[in-house]
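In: Got a predicted model here, sequence first, then my questions.
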Amino acid sequence: MKDEATYRRLFRTALLIRLVEERIIALYPSDRIQSPVHLSIGQEAVAVGVCDGLRPDDLVFATYRSHGFYIAKGGRLDAMFAELYGRTDGISGGKAGSMHLTAPQVGLMGSSAVVASTIPHAVGAALSFKRRGSDRIAVTVFGDGATEEGVYHESLNFAALMEVPVLFLCEDNGLAVHSHRPVRQAYRLAEHAAAFGIGSRRLEEGWDMLAVREATLQAAAKVRAGAPFVLEIATSRYKEHVGVGEDFHFGYRTSASVDAFKRRDPLIVDAALAKALEPELEREIDAAVAFAEASPAPGRPELLTDII
């Protein structure tokens, strides 16, 4: 039986993520947004289900496509928009942009534009938790393309050897930019994890927020007990790899393949609930955008600050 209260809570957050990104699409042609954007429209259920299955003090290390995880983990929406605008009240003073969102105060650690680069950071955080006797866990989020990087394999090996509390979370939208998985990989993620003695699971219902949450709760329990785990979730990216448009004209995928996922997407299927929640969420987004537009742009004194 579906837990209606939990479903509504997750639905609201997922809808907020989608409406935020739809607002970004509307604003982008104006050039007020000062960085490239990688939209997670279609993948919201993964972010909200995973974050709701974690504790507030657990850490998440995300990718450059991290608007959803930033919002689902509790990051400030006004500071996010100010960052996208390149303003001083942004998360990083307007210097990081969309691809490097961070909100350590709520457990979202630095995102990165470099594929697979945050995976070892999560493993290191997990090692710290173990050495300090903490029952917190670290979650590293990545796409299936990141598993082709050497650091992914090294991180699995180290995590297994040291038995650190890290959850490897793969958002599998079937693509690395425009390249399909079968032409890139001779392995399957679950079988590969087993070679290191690491447990794994693939969840096909990446549109189902409750299923993602339950899978995360189960995986997190194993990780908290000291066993690294790989959780692979099938999902779908509706928009182009980077930017706010469509990309079906490139011919590497068809709209029919995305439409099949959309027919199960609760944000589309449950139209009545979406309509009921939308006015309140749009007001929240309006306030965040107004905050960003009122924030000052950085000047010469800030040019060389925070540079290491």
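Out: The structure has been received and is ready for your questions. Being a predicted model, the structure only gives us computed values, none of them experimental.
In: For Glu214, give me its contacts.
Out: Counting by C-beta atoms under 8 Å, 6 or more residues apart in numbering, Glu214 touches Gly53. C-beta: built from backbone N, CA, C; applies to glycine.
In: quick one: which helix or strand includes it?
Out: Glu214 is part of helix 209-224, with elements assigned from DSSP states H and E.
In: Now that helix - C-alpha only, PDB.
Out: Provided in PDB are the C-alpha atoms of helix 209-224 (Å, rounded to 0.1, in the frame of the first residue of the first chain):
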ATOM      1  CA  MET A 209      10.200   7.900  -6.000                       C
ATOM      2  CA  LEU A 210       8.900   5.500  -3.300                       C
ATOM      3  CA  ALA A 211      10.800   2.600  -4.900                       C
ATOM      4  CA  VAL A 212      14.000   4.600  -5.100                       C
ATOM      5  CA  ARG A 213      13.600   5.600  -1.400                       C
ATOM      6  CA  GLU A 214      13.000   2.000  -0.300                       C
ATOM      7  CA  ALA A 215      16.000   0.800  -2.300                       C
ATOM      8  CA  THR A 216      18.100   3.500  -0.700                       C
ATOM      9  CA  LEU A 217      16.900   2.700   2.800                       C
ATOM     10  CA  GLN A 218      17.900  -0.900   2.300                       C
ATOM     11  CA  ALA A 219      21.300  -0.100   0.700                       C
ATOM     12  CA  ALA A 220      22.100   2.500   3.400                       C
ATOM     13  CA  ALA A 221      21.400   0.000   6.100                       C
ATOM     14  CA  LYS A 222      24.000  -2.300   4.600                       C
ATOM     15  CA  VAL A 223      26.500   0.500   4.200                       C
ATOM     16  CA  ARG A 224      26.000   1.700   7.800                       C
END
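In: buried stuff in it?
Out: The neighbour-count criterion (16 or more other C-beta atoms under 10 Å) identifies Met209, Leu210, Ala211, Val212, Arg213, Ala215, Thr216, Ala219, Ala220, Lys222, Val223, Arg224 as the buried residues of helix 209-224.
In: ok, the fifth one touching Gly49?
Out: Yes - the pair Arg213 / Gly49 is scored as a contact, 4.2 Å apart, by C-beta atoms under 8 Å.
In: Just after the helix or strand containing Ala260, pick out the following helix or strand.
Out: Per DSSP H and E, Ala260 falls inside helix 255-262. Per DSSP H and E, the first helix or strand lying C-terminal to helix 255-262 is helix 266-269.
In: Show me which positions of the next helix or strand along the chain from that following helix end up buried.
Out: Proceeding N to C from helix 266-269, the next assigned helix or strand is helix 271-294, under DSSP H and E. Using 16+ other C-beta under 10 Å as the test for burial, helix 271-294 gives Leu273, Ala274, Leu277, Leu281, Ile285, Ala288, Val289, Phe291, Ala292.
In: How confident is the prediction for the second one, by pLDDT?
Out: We have a pLDDT of 98 for Ala274.
In: roughly how far apart are it and Asp52?
Out: Separation of Ala274 from Asp52 (C-beta to C-beta, to the nearest Å): 19 Å.
In: For my notes, confirm Asp306 occurs in a helix.
Out: No - Asp306: not assigned to a helix; according to DSSP: H, G, I helix; E, B strand; the rest coil it is coil.
In: burial count for it?
Out: 9 (other C-beta atoms under 10 Å).
In: sorry, back to before: so for the helix or strand just after the helix holding Glu214, mean pLDDT?
Out: For helix 209-224, the following helix or strand on the C-terminal side (DSSP H and E) is strand 229-234. Taken as a whole, strand 229-234 has an average pLDDT of 97.
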